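Attaching a predicted model along with its sequence, questions to come.
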Amino acid sequence: MKHINLKLGITKIEDLLINQTITQIDDGKSKNDIKLQIPNYQRPYKWSSRNVIQLLDDIIHAKNENKEIYRIGTLILHHDEAKSVYNIVDGQQRTITLSLLLKALNETLSIPFLDQRISSNEHNRYNIPKNYQTLKRRIDNIGESKEKQDLLEYIYQHCELIVVITKDISEAFQFFDSQNARGKKLYPHDLLKAFHLREMGGVSAEETEKTVKTWEELDQQFLAGLFSDYLYRIKEWIKGNYAEELSEKNINKFKGITCEYNFPFAQFYKAAFAYSDMFNQGTMPFVTGIRGLKPFQLDAPIIAGKPFFDYAKHYFEILKDIQNNDKYEGYLINDNEIVKTLDLPKNKRGVGNAITRLMFDTAILLYVDRFTPAQKPTKEDLNLLNQYIVFAFIWAYSLRAQYYNLGWHSAQQYILGNPERTNSFNIFKAINEFDSPIELLSMLSDKINPLPNNKIVAKKDNIKEKEENVYKSYLFYFEKYNFIA
């Protein structure tokens, strides 16, 4: 992999954090005026006391072993020439910890890196002072001041960081992700971020930073689940395929159409995206009343680069809306009685309940993607959605009612069609085959059958029992909507 804009260097800790210098770069010279900055898009400082003590113990061990050089790690920097700063792309946690360690060893030290203002969030506010005190207590136990000074000198002169500098922020993130991929397993959505950043070659540094910041501000665990549990499975189930685990081996489904693709199908989807972008930025939204025209469909290819990040945020927000049953928030599911029951802790515990709820939410996500405007749907849109929710619920929870113990193998058999189970059919493929919600609802009313009593293995006792005005058993709604034979 060729990185034409990268500069490589090695720096001693004293040079970097005290003298604001990189000891040596690839031309053999030092580089001065290194003003390190933590950019807004960086994640919070999350190292724990265990992490910082481990770093200190590793350094002490290297000193006791008389290691001439102890390499602590890699620091990846984006040189923002306009602001004359070096943004830390990777190595923030380690750099903050090293700064706190130096300060704990000598409180009189001036460390410019520690003087900057950083994002005020709970992690930064809690972890930075906590870890400083942890290091201070550990160092106070070392003993004589000479031992402390010797340790400080060892860190100054013998501990080093490998430094990577680039003026291209996209390349900085590309290098960051490629390095991480060698060292540890990344989530598929992290690998996709790296790929699509590389496709943003023509985008300004400011726009790239804004895109990355927006991505990093999303709940990363939820984002990982969005791709692996929902979007990937929908893409497979629509085609009638068994959905394996999303990994680096099959993330090509989310790489999409790159700028190099000029095949007819690629031109069609590129044109659709370009039209949407032009529509949203012009006067058409005012004239037509259509707001936020989105060029995304779950069964369609993705446009690589910045559109991918818009795609991810779009479905992130829709799924969040679907899963929030608050009466006063969101546009899609509000105060739905079925969802109230499904949200009870007893109906969310266990693998089988989690699988069934995911099937239910995923079936709604695909329906909304195809038939319901995510922003400000009309009363008619919501009426049709509510009718569909009943069918989606009966379809998904017919599976749950027919198993004592439910696993993914049985669930996928049910989704793709298992003649031994009532209401087993591929609802995802069905949604994708209809051009209007009314046609789909008509088909579902014929396709979904009442569940025979003798096939229900879930407890049917007290199905009308309530908990805080919410029916405790999901089977209540089978009875209410006449789906128990």
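All right, it came through fine.

Could you grab the helix/strand/coil label for the closest residue to Gly91 other than its chain neighbours?
Nearest non-adjacent residue to Gly91, counting by C-beta to C-beta, 6 or more residues apart in numbering: Leu75, 3.8 Å away. Yep, even glycine has a C-beta here, placed from its N, CA and C like the rest. State at Leu75, reduced to three classes by DSSP: H, G, I helix; E, B strand; the rest coil: strand.

which ones are touching Leu75?
By C-beta atoms under 8 Å, 6 or more residues apart in numbering, the residues touching Leu75 are Thr11, Leu16, Ile88, Asp90, Gly91, Arg94, Thr95, Leu161, Ile162, Val163, Val164.

Mark which of those residues are buried, thanks.
For the contacts of Leu75, a neighbour count by 16 or more other C-beta atoms under 10 Å gives the buried set as Thr11, Leu16, Ile88, Asp90, Gly91, Arg94, Thr95, Leu161, Val163, Val164.

Looking at those residues, which is nearest Ala430?
For Ala430, the nearest member of the buried ones among the contacts of Leu75 is Asp90. The distance, counting by C-beta to C-beta, is 45.3 Å.

what bridges to that closest one?
Ile76 (DSSP bridges).

okay, now the domains of this protein?
By the assignment in automatic domain parsing, the chain contains the domains 7-184, 217-480.

Quick one: the ones you listed as JSON lines, columns for distance to Leu197 too.
Output for the domains of the chain, formatted as JSON lines (distance: least, C-beta to C-beta, whole Å):
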{"stretch": "domain 7-184", "distance to Leu197": "5"}
{"stretch": "domain 217-480", "distance to Leu197": "8"}
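
Three-state assignment for Thr11, please.
When classified by three-state DSSP, Thr11 comes out as strand.

Pull the contacting residues for it.
Thr21, Ile22, Thr23, Gln24, Leu75, Glu160, Leu161, Val163.

Go through those and flag which are in strands.
Gln24, Leu75, Glu160, Leu161, Val163 (DSSP state E).

Now do the nearest residue to Arg43 once chain neighbours are set aside against Glu380, distance only.
When the adjacent residues along the chain are set aside, Arg43 lies closest to Glu216, with 6.0 Å between them (C-beta to C-beta, 6+ apart). Noted for Glu216: a distance of 38 Å to Glu380, by C-beta to C-beta, to the nearest Å.

Tell me which of these two has more neighbours.
Glu216 (16 against 9; other C-beta atoms under 10 Å).

where does that one fall, phi/psi-wise?
phi -70, psi -30 (degrees, to the nearest 10).

Now for the chain, the helix or strand with the poorest mean pLDDT.
Within the chain, confidence by mean pLDDT, DSSP states H and E is lowest for helix 169-183 among all helices and strands, at a mean of 57.

Buried residues, the longest helix along the chain. List them.
Longest helix in the chain, counting residues (DSSP state H): helix 379-401. Buried residues in helix 379-401, counted by 16+ other C-beta under 10 Å: 381-382, 384-385, 387-401.

Report all helices and strands that it contacts.
Other elements packing on helix 379-401 under the criterion 3 or more C-beta pairs under 8 Å, 6 or more residues apart in numbering; DSSP states H and E are helix 337-342, helix 351-371, helix 408-416, helix 437-447, helix 475-480.

got a list of contacts for the first one?
Residues lying outside helix 337-342 but in contact with it, judged by C-beta under 8 Å, 6+ apart, are 325, 333, 347-348, 357, 360, 389-390, 393, 470-474, 476-477.

how about 10 Å then?
Helix 337-342 is contacted from outside by 322-325, 333, 336, 347-348, 353, 356-357, 360-361, 364, 386, 389-390, 392-394, 396-397, 466-477, 480-481, using C-beta atoms under 10 Å, 6 or more residues apart in numbering.
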